[in-house]
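> sharing a sequence plus its predicted fold:
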Amino acid sequence: MLRAYFVTILAVSFCTYGCAEAINEPNELSATPAVFNTYGLPTVEFSVPDMMCLDGCGVAVKEILVKQPGVKDVLVDFEGKTAIVAVDEKTFDSDKALAALVDKQFLNSSLKNASSAKPQAADAAAVR
């Protein structure tokens, strides 16, 4: 009888200790906020409605835009179907970046917004 009592006390102690440890541990699944454009460079926002999946299309959009001259940082918002690009406005050409997206089958992409970044091309019409 005494043995059963000690086994019960021991089992309760392990459960209590285990639960206390789980409560104090940081949540490993918490999201880390993305750091974007830490230098406050001009940004250009593209609408990319053809993104169908985060792991494939979202990554592809980022890779396409990162390769463009003058691109300093890229933030893809998959749910919003947009990509925001921090740029060196002296070397970035939004028309060429848009053409690169269209060339990779993001056919409905468009320039959504530009903050102090002008396209270098003489004709600033959107590429479709």
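Perfect, thanks for sending it.
> please enumerate the helices of this structure.
2-24, 59-66, 94-103 (DSSP state H).
> what about stretch 40-48, start to end distance?
23 Å (Cα to Cα, to the nearest Å).
> what about it, average pLDDT?
In this model, stretch 40-48 has an average pLDDT of 96.
> buried set for stretch 97-111?
97-102, 106, 109-111 (16 or more other Cβ atoms under 10 Å). Quick note: C-beta positions are derived from backbone N, CA and C, even for glycine.
> okay, those residues in JSON lines with pLDDT next?
What follows is these, written out as JSON lines (pLDDT from 0 to 100):
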{"residue": "Ala97", "pLDDT": "97"}
{"residue": "Leu98", "pLDDT": "97"}
{"residue": "Ala99", "pLDDT": "97"}
{"residue": "Ala100", "pLDDT": "98"}
{"residue": "Leu101", "pLDDT": "98"}
{"residue": "Val102", "pLDDT": "97"}
{"residue": "Phe106", "pLDDT": "97"}
{"residue": "Ser109", "pLDDT": "97"}
{"residue": "Ser110", "pLDDT": "96"}
{"residue": "Leu111", "pLDDT": "96"}
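> ok so, going back, pick out the shakiest of the helices of the chain, pLDDT-wise.
helix 2-24 (a mean of 49).
> which other residues reach stretch 43-57?
Stretch 43-57 is contacted from outside by 37, 58, 61, 65, 76, 78, 81-87, 92, 94, 97-98, 101, 105-115, 117, using Cβ atoms under 8 Å, 6 or more residues apart in numbering.
> looking at those, which are in strands?
Applying DSSP state E to the contacts of stretch 43-57, the entries found in strands are 76, 82-87, 110-115.
> surely Leu65 touches Ala83?
Yes. Using Cβ atoms under 8 Å, Leu65 is in contact with Ala83, at 5.9 Å.
> who touches both of these two?
46, 74.
> Ala99 and Leu107, how far apart?
Separation of Ala99 from Leu107 (Cβ to Cβ, to the nearest Å): 11 Å.
> repeat that for Val35.
Taking Cβ to Cβ, one finds Val35 at 31 Å from Leu107.
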